[in-house]
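[1] Here's my sequence, what's the structure:
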Amino acid sequence: MHRQQIRLTISQQIRSRTARQLILNMNAAMKTNMWIKICGITNTDDAKMVSESGADAIGLNFYAQSKRFVVTGIARDIRDQLDDRIELVGVFVNSTPQEVAAITEIVSLDTVQFHGEESADTIADFQKLAGDVNIIRAFRVGPDGFAAVDRALQELANAGITLRAVLLDAYKPGEYGGTGHQIAPELVRDWIKNSTATLPPVILAGGLNPENVKDAVSIARTWGIDTASGVEMEPGRKCSQKTPFFVSRARSAGD
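    Presented below is the predicted three-dimensional model:
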């Protein structure tokens, strides 16, 4: 492919992604309830089912060591199947900015979620490469509690990075999400309430399932929620009964 054709293809992808993002933003603005993401999608059938469940976003995990790892070819198939019906979030763990930007372009991701130990400089470098792509910063809340989160958010702000949201996951040594461990929603609620910083929207993750999500949402009152293992039959295979039940239970928390 000639350079001119490559530039044209990239330009078309950027315009398509920008138009799709406008649609997603308008849909979000019309919603009066929370943002719900089902993470760890590995195939087109589950992606379609999640889209029909009423969720707002699906997560595609590009961390090769994850039990829910998805290759870029399948991720691109999912994008082609779903078009603009649902937000696609790419989850990355300690990849280089160049790797993340390349996959973002190939798959035409709407949002990138950094879920490892990425520095503010790494995320800033990605932003320079990728341009107009939403960024979610995930934190595994461990022994240091929210102090480490506060410090990291300040570093991101100092680097000029505007986050779509911050995601709070449970800490388990050596694992990056999908552990089934839960953060106490009371701690999240109190952190949001007492923080002296201007926080981005907060997403609650970690151990959420159809049985506990309504209570967790009622207590934490976060902008969004995220689950992976909580609606699975096995890692990477979502349950067509648990998933819509999870979404309906979460929505009912605001009733």
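[2] The helix or strand hosting residue 155: how far from the chain's middle?
    Assignment of secondary structure by DSSP states H and E places residue 155 within helix 147-158. Relative to the centre of its chain, helix 147-158 is centred 19 Å away, using Cα atoms, centre = their mean, to the nearest Å.
[3] and the angle for the longest strand along the chain with helix 147-158?
    Counting residues, the longest strand in the chain under DSSP state E turns out to be strand 134-141. On the basis of axes from the mean of the first three to the mean of the last three Cα atoms, to 10 degrees, strand 134-141 is oriented at 160 degrees to helix 147-158.
[4] how distant is strand 134-141 from the center of its chain?
    Its chain's C-alpha centre and that of strand 134-141 lie 8 Å apart, by Cα atoms, centre = their mean.
[5] Show the pLDDT at residue 227.
    In this prediction, residue 227 carries a pLDDT score of 96.
[6] same for the longest strand of the chain, what does it pack against?
    On a contact count with 3 or more Cβ pairs under 8 Å, 6 or more residues apart in numbering; DSSP states H and E, strand 134-141 meets strand 111-114, helix 120-130, helix 147-158, strand 165-170. In short, each C-beta sits where N, CA and C put it, glycine included.
[7] what would the ones you listed look like in CSV with distance to residue 222 and mean pLDDT?
    Putting the helices and strands packed on strand 134-141 into CSV (distance: least, Cβ to Cβ, whole Å; pLDDT from 0 to 100) gives the following:
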stretch, distance to residue 222, mean pLDDT
strand 111-114, 15, 98
helix 120-130, 22, 96
helix 147-158, 14, 93
strand 165-170, 8, 93
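[8] TSV for the ones you listed, including mean neighbour count?
    Formatted as TSV, those follow (neighbours: other Cβ atoms under 10 Å):
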stretch	mean neighbour count
strand 111-114	25
helix 120-130	17
helix 147-158	15
strand 165-170	23
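[9] Could you take these and lay them out as CSV, with extra columns for distance to residue 67?
    Formatted as CSV, these follow (distance: least, Cβ to Cβ, whole Å):
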stretch, distance to residue 67
strand 111-114, 17
helix 120-130, 25
helix 147-158, 26
strand 165-170, 15
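[10] where do the strands sit along the stretch 151-255 of the chain?
    With DSSP state E, counting those that start in this stretch as the criterion, the stretch 151-255 of the chain has strands at 165-170, 202-204, 224-227, 232-234, 237-238.
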